[in-house]
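> kindly return the folded structure for what I paste below:
(chains A and B, ligands or ions: 5)
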Amino acid sequence: MFPKKSPKVTIDYTKCGEKGQMDPRDCAKCLRVCDPAIFILHESPNMPIDPVDPKYWRITPVWLSLCNMCMKCVKVCPLGAITVSR
Amino acid sequence: MCDWCMKHGAGGKWYMNAKNYSNELAEAMNAQEYLREQWKAFEMVYIRRIMGITSIDLGYKLQLPIIGRILRWSAERMIHSEGKHRNPVRADGHFGQVIPLEEAKVILGNLAAEPIIENYCMCRWMQRGIKEACCINFGLLSGVIEKLPRFIPKDTKYRLDRDEAIARIEEHNKKGYVATVWFQPVPYINAICSCENPECGGLRLRNDFGLHTVYKGEYVAEVDPDRCQACGTCVTKCQFGALRLVHSLKRVIVDINKCFGCGVCRHACKYDAINLVPRENYPALRGVY
Ligand code: SF4
Ligand code: SF4
Ligand code: SF4
Ligand code: SF4
Ligand code: SF4
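Numbering: from 1, shown residues only, chains lettered A, B, ... in the order given. Ligands and ions are numbered 1, 2, ... in the order given. Take a look at the predicted model:
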């Protein structure tokens, strides 16, 4: 008895994140459109650490098992950076 | 009273024990060091690898046959750890309980160590990218958070005196935010939060994954059938789906197994039909938090 696989949600960090044109703190549309709130905003790993005021941020889809594949995040993203699939 | 009251309540509830708020306790535990480490990159808590595993897709991982059980067991152990070598970046020993407005006011009026600050809520920031000043922190934790500009409101007064803190918690509670009090780390208490479900990370882990990051309150709601006018307003306030308007009965019923005893439904009732009663009044709920 293996558990049901969760939907796969990805964000293209070359578009949104520390290396993209968008700082997710300025947009945050996906964070807010998702009813089950599956995304987490956090400072980017692998970047110089600023222990007081981090400058580089990205979003990770974390609570994948709660994603209902409504596709609202895909539609709302101004950069087309999000994919949702089985 | 729960297990934590037995351990840290000095005969009463854990969050009514003045000692748990004291600077002396905080210093003896070296809490400042812990809090500094925990807060400087709090947003990484679900992203970091902890024993090789992150929280990403936790729902799936917890259902795996053997690994899932081990994972749940070790997560509960971390959340409630009282060990000497607690790891701040995974928030070892950090958990809380729902409290009604009356008790939050007693804490802010008498027990909380000064300085008291109200900073941007960490959870709403991480989960929604929203900055809302509604987290009330105190004692050594205030000094730690004050040094982190992303949590400090710019245009409003964030250092509060006791009366201001009480006025703020009252405002949040009436809006429908659930008051919670936190060990960070156990047994040091330094925060009263005003949470929403599922934005609050603690409530998320509790409600969606069954981890005991937040305990239910010491009370449950009771509706007076003679007073209830079946207007349904209270139902819209409950964040836990514990209330239902039964049209055929012409009143609201409470699912005591879902009720967290936050009491915010009471503020919505114009007819004074909802009261909080001690959880232990119900034999079925004794010891169930
Ligand atoms: S598909 Fe819907 S539920 Fe899934 S992450 Fe996007 S907005 Fe959230
Ligand atoms: S909606 Fe798109 S651009 Fe906006 S924060 Fe989310 S991933 Fe980034
Ligand atoms: S526990 Fe509640 S108030 Fe505190 S940071 Fe989380 S949601 Fe905000
Ligand atoms: S708000 Fe009061 S009167 Fe209205 S349904 Fe709820 S308990 Fe009844
Ligand atoms: S029914 Fe219980 S959980 Fe729901 S709002 Fe009232 S006290 Fe809170």
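> C-alpha from now on. contacts and neighbour counts both.
Noted.
> phi and psi next, for the residue of the stretch 151-289 of chain B found nearest ligand 2.
Nearest residue of the stretch 151-289 of chain B to ligand 2, counting by CA to the nearest ligand atom: B:Glu199, 16.7 Å away. Main-chain dihedrals, B:Glu199, degrees, to the nearest 10: phi -60, psi -40.
> run a quick neighbour tally on it.
19 (other CA atoms under 10 Å in any protein chain shown).
> OK, contacts around it?
A:Ala37, B:Cys123, B:Arg124, B:Gln127, B:Arg128 (CA atoms under 8 Å, 6 or more residues apart in numbering or on different chains).
> residue ranges of the strands in chain A, please?
Assignment of strands within chain A using DSSP state E yields the ranges A:8-11, A:39-43, A:57-61, A:82-85.
> show me where the chain has its helices.
I went with chain A, as the question did not name one. Counting by DSSP state H, chain A has helices at residues A:24-27, A:29-33, A:72-76.
> actually, chain B is the one I wanted.
Counting by DSSP H, the helices of chain B are B:3-8, B:23-29, B:31-40, B:58-63, B:67-79, B:101-106, B:122-128, B:140-146, B:162-175, B:201-209, B:233-237, B:264-268.
> and among these, the most buried is which?
Mean neighbour count (mean count of other CA atoms under 10 Å in any protein chain shown) peaks for helix B:122-128 among these, with a mean of 24.
> farthest residue from the center of chain B?
Ranked by distance from the centre of chain B (CA atoms, centre = their mean), the top residue is B:Ser248, with 35.3 Å.
> can I get the contacts of B:Glu199 in a markdown table with distance to B:Phe240 and pLDDT?
Formatted as a markdown table, the contacts of B:Glu199 follow (distance: CA to CA, whole Å; pLDDT from 0 to 100):
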| residue | distance to B:Phe240 | pLDDT |
| --- | --- | --- |
| A:Ala37 | 16 | 98 |
| B:Cys123 | 18 | 97 |
| B:Arg124 | 18 | 98 |
| B:Gln127 | 19 | 98 |
| B:Arg128 | 20 | 98 |
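> intersect the residues you listed with the contacts of ligand 2.
Contacts with ligand 2 are made by none of the contacts of B:Glu199, judged by CA under 6 Å from any ligand atom.
> what about the residue nearest to A:Ser6 when sequence neighbours are not counted, how many residues close to it?
What sits nearest to A:Ser6 in space, not counting adjacent residues and going by CA to CA, 6 or more residues apart in numbering or on different chains, is A:Ser65, at 4.7 Å. A count of nearby residues for A:Ser65, using other CA under 10 Å, gives 20.
> so A:Ser65 versus ligand 5, what's the distance?
Per CA to the nearest ligand atom, to the nearest Å, A:Ser65 is found 25 Å from ligand 5.
> got a list of what that residue touches?
Neighbours of A:Ser65 in contact, by CA under 8 Å, 6+ apart: A:Lys5, A:Ser6, A:Pro7, B:Asp57, B:Leu58, B:Gly59, B:Tyr60.
> so which of the helices of chain B gets nearest ligand 5?
That would be helix B:264-268 among the helices of chain B, by CA to the nearest ligand atom, at 4.2 Å.
> re earlier: which of the helices of chain A is buried the deepest?
By mean count of other CA under 10 Å, the helices of chain A have helix A:29-33 as the most buried, with a mean of 21.
> got the CA coordinates for it in CSV?
Provided in CSV are the C-alpha atoms of helix A:29-33 (Å, rounded to 0.1, in the frame of the first residue of the first chain):
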residue,chain,number,x,y,z
LYS,A,29,0.4,36.5,-6.6
CYS,A,30,0.8,32.8,-6.5
LEU,A,31,1.1,32.9,-2.7
ARG,A,32,-2.2,34.7,-2.4
VAL,A,33,-4.2,33.0,-5.1
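> so which elements touch that helix?
Secondary-structure packing of helix A:29-33 (3 or more CA pairs under 8 Å, 6 or more residues apart in numbering or on different chains; DSSP states H and E): strand A:39-43, helix A:72-76, helix B:122-128.
> can you redo the ones you listed as CSV with distance to B:Ile136?
Formatted as CSV, the helices and strands packed on helix A:29-33 follow (distance: least, CA to CA, whole Å):
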stretch, distance to B:Ile136
strand A:39-43, 22
helix A:72-76, 32
helix B:122-128, 11
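> any chance of JSON lines for those, columns distance to ligand 5?
Shown next, in JSON lines, are the helices and strands packed on helix A:29-33 (distance: least, CA to the nearest ligand atom, whole Å):
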{"stretch": "strand A:39-43", "distance to ligand 5": "25"}
{"stretch": "helix A:72-76", "distance to ligand 5": "29"}
{"stretch": "helix B:122-128", "distance to ligand 5": "20"}
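> who wins for proximity to ligand 4 among these?
Nearest of the helices and strands packed on helix A:29-33 (CA to the nearest ligand atom): helix B:122-128, 27.5 Å.
> hmm, the closest one in reach of ligand 1?
No. Judged by CA under 6 Å from any ligand atom, helix B:122-128 makes no contact with ligand 1; its nearest approach is 11.6 Å.
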